[in-house]
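K.L.:
One predicted model, sequence on top.
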Amino acid sequence: MKFRIAAALISTALVAAPSMAAPAKKAPAAESCPATPVLPPELADWARNVSAKTIYGYGEPRDIGWPALGAARTELSLHKTESLRYWIAPEREPDVFKFGGMVPIDVKKAGRLTVALDGGAWIDLVRDGAAVKSATHGHGPACSGIRKMVDFDVTPGRYLLQIVNAPTDRIHAMALLR
């Protein structure tokens, strides 16, 4: 008898519990973005679209004349990780199920180089066979489509941007000197 009473009390409590619970909080409304995002002047060329291929093996004869990544949003074709030969070993271990590539960046004067990406990927900036230490990391402005921004302090010369562990075979990138 005591068991039946205890079971009845528990089942009553379970049925009544939802009505006694505090009302559920509504999820915050998703931020609405304009069809054409307003970008700060230094990122205005993110609205321009160009495309390019990336290098899949450092040391190829065509590396010398390969077009450099510039200040326009550029769709880069990437390669399966297993087919890549990076100039230096990336700081992050390459994932064989992801994509990557390399693209040169020409720097005309000393300053702060910002590399922006629209997707998640690791990047290394290489010059003279050594990685350049990043100065800052961050995200792009809200609604811009820029997921990641990394700054490097640079001097004039030719650099190589190594893209590692991108989830798809295409990524948008740009490099601008501030």
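P.N.:
The structure has been received and is ready for your questions.

K.L.:
Shouldn't residue 46 be within a helix?
P.N.:
Yes: counting by DSSP: H, G, I helix; E, B strand; the rest coil, residue 46 is found in a helix.

K.L.:
Check what pLDDT it gets.
P.N.:
If you check residue 46, the pLDDT there is 91.

K.L.:
quick one: it from residue 169, how far?
P.N.:
21 Å (C-beta to C-beta, to the nearest Å). C-beta: built from backbone N, CA, C; applies to glycine.

K.L.:
Between those two, tell me which one has more neighbours.
P.N.:
A direct count of neighbours by other C-beta atoms under 10 Å for residue 46 and residue 169 places residue 46 higher, at 23 against 14.

K.L.:
so what's the nearest residue in space to the more buried one that is not next to it in sequence up against?
P.N.:
Residue nearest to residue 46 in three dimensions, not counting chain neighbours: residue 73, with 4.7 Å by C-beta to C-beta, 6 or more residues apart in numbering. Contacts here follow C-beta atoms under 8 Å, 6 or more residues apart in numbering; on that basis residue 73 touches 45, 46, 47, 48, 49, 50, 118, 172, 173, 174.

K.L.:
try residue 118
P.N.:
By C-beta under 8 Å, 6+ apart, the contact set of residue 118 is 73, 145, 146, 147, 171, 172, 173.

K.L.:
Name the nearest of those residues relative to residue 133.
P.N.:
Residue 133 has its nearest neighbour among the contacts of residue 118 in residue 173, at 19.6 Å by C-beta to C-beta.

K.L.:
give the contact list for the closest one.
P.N.:
Going by C-beta under 8 Å, 6+ apart, residue 173 touches 69, 73, 74, 76, 103, 115, 116, 117, 118, 161, 163.

K.L.:
can you pick the most crowded of those residues?
P.N.:
Among the contacts of residue 173, the one with the most neighbours (other C-beta under 10 Å) is residue 163, at 27 neighbours.
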